[in-house]
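Asker: Quick one, structure for this:
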Amino acid sequence: MKYGTIRIPGQPTWKTPFPDGALVQVSDSLGVIGREKRQTLQAALDHGFGGLKSNHSDAFEEYEFAAPLPRAYQFLDGSAYVNHVDLVRRARGASMPKRFWSDPLMYQGGSDMFLGPTDPIAGDPAWGIDFEAEVAVITGHVELGVSVDEAADCIRLVTILNDISLRNLIPDELSKGFGFIQSKPACAMAPVVVTPDACPGWDGRKLHGVLNVDLNGQPFGRADAGEDMTFDFAELIAHAAKTRHLGPGTIIGSGTVSNRDINGGPGRPVAAGGRGYSCIAEQRMVETILTGAATTEFLQEGDHVRIWMEDDRGKNIFGTIDQHVKKWD
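Answerer: Take a look at the predicted model:
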């Protein structure tokens, strides 16, 4: 099954506190086929998905979609594609700790407000605004100390994210040794979440298929989310639950989807015949490794980012994250 959350007319939009919206059921062709104003996605995760009315079919475009979970109890973002981490360290001449290949990196992100799929990316370009295309899952209840196999059974929904990063603020924050706050603003979520049994490319622990990223109308990223994923979602969930229970509606992010080049190198732009990149920072890292300096700019006011994923028939699975950059006001 596919689900989304629509904004109810008269309720606030992205600039003010988010409403929880109304849960809708979505068809494979992205038509709205069930509505119930009293139901939210969080309530459905808590109590079950019954009660949606499905006696009509409306065009997807007739509704204004919020993030499926406009506010979530918890967002834990991993860095499951260790190729991306390796490039970060290589670009600054640092060695890669061996344990990064066996012990996942993860941080606790902000979850009180997720941007809808067409909400603007707002910020000061001097902050180094970047997108990060990634896959995410939403869990049911997860027991403390869950095994990896048990963790896989806790996955309730699959979707994609734009985990927005402010790259120029990150070094100063991390130098304090206490994690991200200012450099990680609200993420954007695709309009649709999909149950694992209905999600094309889902193998029970990871999502296979090309994660498409266009920047200003040109292909920027075509990485395969199922390749080079060092830690799958079951492993990420088990890692997060080592010392705590995870409540229903916990969002687990994969981190930036990243592929090695076919020859094992750092990857090439789409225009050069490669799979490109799922964030600007990775392209800049590759430029630094190959030429000694990064030349690609981070996002500027007016830039346009689109992120989506298709099944093997070319159908959009989760809908499209479609955002423009605007200066904060």
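
Asker: Mind checking the pLDDT average for stretch 119-129?
Answerer: Stretch 119-129 shows an average pLDDT of 95 in the prediction.

Asker: just the helices in the chain please.
Answerer: Assigned by DSSP state H, the chain shows helices spanning 41-47, 82-91, 148-152, 170-175, 233-240, 280-291.

Asker: Point out the most buried one among these.
Answerer: Looking across those with neighbours counted as mean count of other CB atoms under 10 Å, the highest average goes to helix 233-240: a mean of 23. The way it works is simple: take the backbone N, C-alpha and C, and place the C-beta from them, glycine included.

Asker: Does it pack against any helices or strands, and if so which?
Answerer: Secondary-structure packing of helix 233-240 (3 or more CB pairs under 8 Å, 6 or more residues apart in numbering; DSSP states H and E): strand 75-78, strand 106-109, strand 133-139, helix 148-152, strand 155-162, strand 251-253.

Asker: By mean pLDDT, show me the worst of the helices of the chain.
Answerer: Least confidently modelled of those is helix 82-91, at a mean of 79 by mean pLDDT.

Asker: re earlier: reformat the helices of the chain as a markdown table; add distance to residue 57.
Answerer: A markdown table is the format used below for those (distance: least, CB to CB, whole Å):
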| stretch | distance to residue 57 |
| --- | --- |
| helix 41-47 | 20 |
| helix 82-91 | 40 |
| helix 148-152 | 33 |
| helix 170-175 | 45 |
| helix 233-240 | 32 |
| helix 280-291 | 39 |
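
Asker: what's the closest of these to residue 5?
Answerer: Residue 5 lies closest, by CB to CB, to one member of those: helix 41-47, at 5.6 Å.

Asker: ok, and what's touching the closest one?
Answerer: With contact meaning CB atoms under 8 Å, 6 or more residues apart in numbering, helix 41-47 is reached by 3, 5, 20, 23, 68-69, 72-73, 138, 140, 156, 193, 248-249.

Asker: Please check the residues you listed and keep the buried ones.
Answerer: Neighbour counting with 16 or more other CB atoms under 10 Å marks 3, 5, 20, 23, 68-69, 72, 138, 140, 156, 193, 248-249 as buried within those.
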